[in-house]
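Undergrad: Requesting a structural model of the entry that follows:
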Amino acid sequence: MFNLESWQEIFDTIRKNKLRTFLTSLSVASGIFILVILLGVSSGIANGVKEEFSSDATNRIQIRTRITTKEFKGLNPGRRLQLTNKDYENLNRKYEDQLEYKTSLYSTWGGQVNYKDKQGSYRVEGVYPDQQFIENATLSDGRFISLSDNEESRKVAILGYQMKQDLFPETDPIGKIILVNNNINFTVVGVYTDPGGTREESRMFIPIKTAQKVFNQGENINSIAYTVNMGKNFNETAQLSAQMTQSIEQDLRTRFTVAPDDRVAIRVRDTLEQAKPFFDLIDTLKAVFWFIGLGTIIAGIVGVGNIMLIVVKERTKEIGIRKALGALPSEIILMILQESIFITSLAGLIGLFLGVGLLELAAPYIENDFINNPTVDFTTSITTVIILVVAGAIAGFIPARRAANIKPIDALRDE
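TA: As a prediction, this is how the structure comes out:
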């Protein structure tokens, strides 16, 4: 319950000890300020790492086959392993419950693409609709490939933004006809952008069924790409992805009769496995930063505790009179705790606001390959506020207990 008299006493005590209160509050505020800055930096590092992996979906599994390099079960090395539509369908059925997005791919490098007097050499990829999400591609115009495009083997194309700039610098490409390899007409139905930049945007997507027909590939495919369903957290998803990667690799080794130690013939690449060391490092940095920040806050708490001990010593006679007049020990404890929590919380909130404000001002100027948007989220801010309240209670607890244990007769003799 709000008690005006108790708050007046708190402010009177602060006014009598301005310098002492200021210096102690400064240590608490600086502790919170340092903690917020460190957590903001760790958040920026995490964002930077995520940005580095944003060219493709982070939970991606890429499957390719090459040439065997080892003899196995009477089969000579040098066999070229060829993935087909059947392999893709079999894997889809087996891992259906674990898959988020899926596509098989047929790619041709150096495809000649012409529009009127403009031309260029680009990578042409036959894909399914899910490729848009596996590649983190964003449509800037038109649409992506549909299932009906594949079922009917339509000659439609989705251009990367760089291709659009090369072939249609001042023209809307949607609905225009382009010529591929000087003999195949495709209708442009979409344009996409990719966080991977120019290299990733110098590609053209077409339906894979169409690609297999126009490039005379029959049932052949170059690779398969999946993303796994996200788990409750990063570690759970990484574990699921690793298990699925190992299982797929074993399936294909059995299917193609490949030696267990032939690391070249079958490549199943798990993007999460590559990302995990970086995210583990970020978690470690966060733990270190919390340790440093909390250590600084503890130093401030000790200062607040010392202040409250001095306050109790100075107010010994007053506390004795209160107890003689019937004040309960709980009331004495609450009086001391209230002052301790107020000083700690006020100083800490100032440090919190200064830290968050500095990050907000500096964030636009600290964007590079390693740090991106260093900010503190709402959850972290609430956590620091809770820390402040708890810290204030801890700082005042011992002095409050000492005050509650003062005997009125001894207090009245105190000089």
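Undergrad: and stretch 237-252, which residues are buried?
TA: Residues of stretch 237-252 classed as buried by neighbour count (16 or more other Cβ atoms under 10 Å): 237-238, 240-242, 244-245, 248-249, 251-252. Every residue, glycine included, has its C-beta placed from N, CA and C.
Undergrad: With adjacent residues omitted, what lies nearest to residue 95?
TA: Spatial nearest neighbour of residue 95, chain neighbours left out: residue 244 (6.2 Å); criterion: Cβ to Cβ, 6 or more residues apart in numbering.
Undergrad: Helices of the stretch 101-250 of the chain, residue ranges please.
TA: Applying DSSP state H, counting those that start in this stretch to the stretch 101-250 of the chain gives helices spanning 131-134, 147-151, 161-167, 208-214, 234-256.
Undergrad: buried ones in the second one?
TA: Using 16+ other Cβ under 10 Å as the test for burial, helix 147-151 gives 149-150.
Undergrad: follow-up on the earlier one: columns mean pLDDT and distance to residue 80 on top of the helices of the stretch 101-250 of the chain, output as a markdown table?
TA: Shown next, in a markdown table, are those (pLDDT from 0 to 100; distance: least, Cβ to Cβ, whole Å):
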| stretch | mean pLDDT | distance to residue 80 |
| --- | --- | --- |
| helix 131-134 | 92 | 25 |
| helix 147-151 | 94 | 26 |
| helix 161-167 | 94 | 31 |
| helix 208-214 | 95 | 18 |
| helix 234-256 | 88 | 10 |
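Undergrad: got those helices as JSON lines, with distance to residue 295 columns?
TA: Output for the helices of the stretch 101-250 of the chain, formatted as JSON lines (distance: least, Cβ to Cβ, whole Å):
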{"stretch": "helix 131-134", "distance to residue 295": "44"}
{"stretch": "helix 147-151", "distance to residue 295": "58"}
{"stretch": "helix 161-167", "distance to residue 295": "49"}
{"stretch": "helix 208-214", "distance to residue 295": "57"}
{"stretch": "helix 234-256", "distance to residue 295": "27"}
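Undergrad: Let me know which of those helices is the nearest to residue 39.
TA: Within the helices of the stretch 101-250 of the chain, the stretch nearest residue 39 is helix 234-256; the backing value is 18.1 Å (Cβ to Cβ).
Undergrad: How far away from the center of its chain is that closest one?
TA: 23 Å (Cα atoms, centre = their mean, to the nearest Å).
Undergrad: helices or strands up against that helix?
TA: Other elements packing on helix 234-256 under the criterion 3 or more Cβ pairs under 8 Å, 6 or more residues apart in numbering; DSSP states H and E are strand 60-65, helix 85-94, strand 223-228, strand 266-270, helix 271-314.
Undergrad: Tell me where the longest strand sits in this protein.
TA: strand 99-115 (DSSP state E).
Undergrad: Angles on the backbone of residue 116, please.
TA: Main-chain torsions, residue 116, degrees, to the nearest 10: phi 50, psi -120.
Undergrad: That one: neighbour count?
TA: 12 (other Cβ atoms under 10 Å).
Undergrad: And the contacts of stretch 78-97?
TA: Stretch 78-97 is contacted by residues 63-68, 99, 102, 104, 219-224, 226, 229, 244, 247-248, 251-252, 255-256, 258, 265-266 when judged by Cβ atoms under 8 Å, 6 or more residues apart in numbering.
Undergrad: From those residues, keep the buried residues only.
TA: 63-65, 68, 99, 102, 104, 221-224, 226, 244, 248, 251-252, 255-256, 258, 265-266.
Undergrad: in a helix, that's where residue 261 is, yeah?
TA: No: assigned with DSSP: H, G, I helix; E, B strand; the rest coil, residue 261 falls outside any helix and is coil.
Undergrad: What separation is there between it and residue 69?
TA: Going from residue 261 to residue 69 by Cβ to Cβ, to the nearest Å gives 10 Å.
Undergrad: For these two, indicate the residue with more neighbours.
TA: More crowded of residue 261 and residue 69, by other Cβ under 10 Å: residue 69, with 15 against 8.
Undergrad: Residue 27 sits in which helix or strand?
TA: Per DSSP states H and E, residue 27 falls inside helix 18-52.
Undergrad: For that helix, give the mean pLDDT please.
TA: Mean per-residue pLDDT for helix 18-52: 75.
Undergrad: Over to stretch 84-101?
TA: If you average the pLDDT values across stretch 84-101, you get 94.
Undergrad: Begin at 685, not 1, for the rest of this chat.
TA: Done: numbering now begins at 685, and the last item shifts to stretch 768-785.
Undergrad: buried ones in that stretch?
TA: Of the residues in stretch 768-785, those buried (16+ other Cβ under 10 Å) are 771-772, 775, 779, 782-783, 785.
Undergrad: go on, stretch 750-763?
TA: Applying 16+ other Cβ under 10 Å to stretch 750-763 flags 752, 756, 763 as buried.
Undergrad: can I get the CA coordinates of it in PDB?
TA: Only the C-alpha atoms of stretch 750-763 are listed here, as PDB (Å, rounded to 0.1, in the frame of the first residue of the first chain):
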ATOM      1  CA  ARG A 750      29.400 -37.700 -58.400                       C
ATOM      2  CA  ILE A 751      31.900 -40.400 -59.500                       C
ATOM      3  CA  THR A 752      33.000 -43.200 -57.200                       C
ATOM      4  CA  THR A 753      36.600 -43.200 -56.100                       C
ATOM      5  CA  LYS A 754      36.900 -46.600 -54.500                       C
ATOM      6  CA  GLU A 755      36.300 -50.200 -55.400                       C
ATOM      7  CA  PHE A 756      33.400 -51.800 -53.600                       C
ATOM      8  CA  LYS A 757      31.800 -55.300 -53.800                       C
ATOM      9  CA  GLY A 758      33.500 -56.000 -57.100                       C
ATOM     10  CA  LEU A 759      32.500 -52.700 -58.700                       C
ATOM     11  CA  ASN A 760      35.400 -50.600 -60.000                       C
ATOM     12  CA  PRO A 761      36.000 -46.900 -59.100                       C
ATOM     13  CA  GLY A 762      35.100 -44.300 -61.700                       C
ATOM     14  CA  ARG A 763      31.400 -45.100 -61.900                       C
END
